[in-house]
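Chemist: Whatever this is, show me its structure:
(one chain, ligands or ions: 2)
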Amino acid sequence: MMITLEKISLKLGQGREETEILNEISLRFDPGKIYVITGPNGGGKTSIAKIIMGIYQPFSGKILYNGEDISGLSITERGKRGIRYAFQSPPRFKGIEIERLLKLANPDVNLKELRSIMVKIGLCPEDYLERIADNSLSGGEMKRLEVASVLLSRTKVAILDEPEAGVDLWGFEQLLNLVINSHRQAEDRTTIIISHSEKFLEAADEIIVVAEGKVQKQGKMDAIRPLIMEGIQCRWRKICLGEEENYGSQCSR
Ligand SMILES: Nc1ncnc2c1ncn2[C@@H]1O[C@H](COP(=O)(O)OP(=O)(O)OP(=O)(O)O)[C@@H](O)[C@H]1O
Ligand SMILES: [Mg+2]
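Modeler: Ligands and ions are numbered 1, 2, ... in the order given. Down below sits the predicted model:
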């Protein structure tokens, strides 16, 4: 399904404290494609995801879902239409077993599929399916389950907020493959991944760089790489020039 953001602005906070988080963001997400949103911390990436999911209401602008204006719809309504979001910091659930939690994402899923996805996210089904999805789970374990539940739901639009965050080196490759394979198997799914990982950036059909509440650049890895490098160099140069007085010739730029 196609998602279009039309001049979305977002303000958060109250009264004098109110600040503009997103500034007239316009974006189009086509079906069948993988998009990766990247950019510096605090730039507005999660806010875009929350706007699409209906967790935040825009100050101005519209969200279209296959041409339908969904700006006024609740999170539940958007969920029913096939939009799902895996949180950057997933919530915990007291008293709910992992098996039940995953079945909430998709009641039609059978035990064989559940076991299979557990293996794919690197959590042994025998050890985990009957465990409670509460604070006793580690950050990385909860993150893997959050991603799994969105993918299990066979949703039309999957938004994954830093799926790799907190996932170890050994689990990363497995998670990357799961996300990509599940996108390929689902017909016409739109996958939107917020990520800082080069591997995810390379897998993207399109990369969107967001900073200071605006879309700074859009394109493939080759077009984006210089921008990322420039950003790093710029920062380095600033630090370096700032220290030039103290370090003199040690500073080569
Ligand atoms: N509820 C809120 N009230 C006030 N400011 C907020 C609120 N939520 C987010 N912000 C601010 O909005 C800005 C964008 O936040 P957002 O979470 O979208 O950034 P991000 O790009 O996802 O960053 P990160 O890479 O660290 O996850 C930040 O400066 C953040 O402090
Ligand atoms: Mg974020």
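Chemist: The residue of the chain found nearest ligand 2 sits in which helix or strand?
Modeler: For the chain and ligand 2, the shortest gap (CB to the ion) falls at Thr46, measuring 3.2 Å. (Each C-beta comes from the backbone N, C-alpha and C, glycine too.) Assigned by DSSP states H and E, Thr46 belongs to helix 45-53.
Chemist: Which residues outside that helix are in contact with it?
Modeler: Contact with helix 45-53 is made by 3, 5, 8, 10, 12, 21-22, 25, 27, 37-39, 56-58, 63, 75, 78, 83, 85, 88, 157, 159, 161, 192, 194, 210, 213, as judged by CB atoms under 8 Å, 6 or more residues apart in numbering.
Chemist: Who's the closest spatial neighbour of Gly95, skipping the chain neighbours?
Modeler: Ile132 (6.5 Å; CB to CB, 6 or more residues apart in numbering).
Chemist: meant to ask about Tyr128, not that
Modeler: Leaving aside its sequence neighbours, Tyr128 sits nearest to Ile98 (CB to CB, 6+ apart; 5.4 Å).
Chemist: if we can go back for a sec, and the residue nearest to Gly95, how far from ligand 1?
Modeler: 28 Å (CB to the nearest ligand atom, to the nearest Å).
Chemist: now the protein, which segments are flagged as low pLDDT?
Modeler: 229-253 (pLDDT under 70).
Chemist: near ligand 2, which residues of it show up?
Modeler: Lys45, Thr46, Gln88 (CB under 5 Å from the ion).
Chemist: Now do the phi/psi pair for Ser60.
Modeler: For Ser60, the backbone dihedrals (degrees, to the nearest 10) come out as phi -150, psi 160.
Chemist: quick one: the strands in this protein?
Modeler: 3-12, 19-29, 34-38, 60-65, 68-69, 83-86, 157-161, 190-194, 206-211, 214-219 (DSSP state E).
Chemist: tilt between the second one and strand 157-161?
Modeler: Taking axes from the mean of the first three to the mean of the last three CA atoms, to 10 degrees, one finds strand 19-29 and strand 157-161 inclined to each other by 140 degrees.
Chemist: The residue nearest to Tyr128 against Ala133, yeah?
Modeler: Yes. With contact defined as CB atoms under 8 Å, Ile98 reaches Ala133; the gap is 5.3 Å.
Chemist: what touches both of those two?
Modeler: Leu145.
Chemist: Counting neighbours, what do you get for the closest residue in space to Glu202 that isn't next to it in sequence?
Modeler: Nearest non-adjacent residue to Glu202, counting by CB to CB, 6+ apart: Met221, 5.5 Å away. Neighbour count for Met221, taken as other CB atoms under 10 Å: 15.
Chemist: again, but for Arg16
Modeler: Residues near Arg16, counting by other CB under 10 Å: 6.
Chemist: ditto for Ile51
Modeler: 23.
Chemist: Please apply the same query to Glu99.
Modeler: Neighbours of Glu99 (other CB under 10 Å): 17.
Chemist: For the closest residue to Ala204 other than its chain neighbours, name its beta-bridge partners.
Modeler: Spatially, and ignoring its direct neighbours in sequence, Ala204 is nearest to Val36 (3.9 Å; CB to CB, 6+ apart). Per DSSP bridges, the residues bridged to Val36 are Ile193, Ile207.
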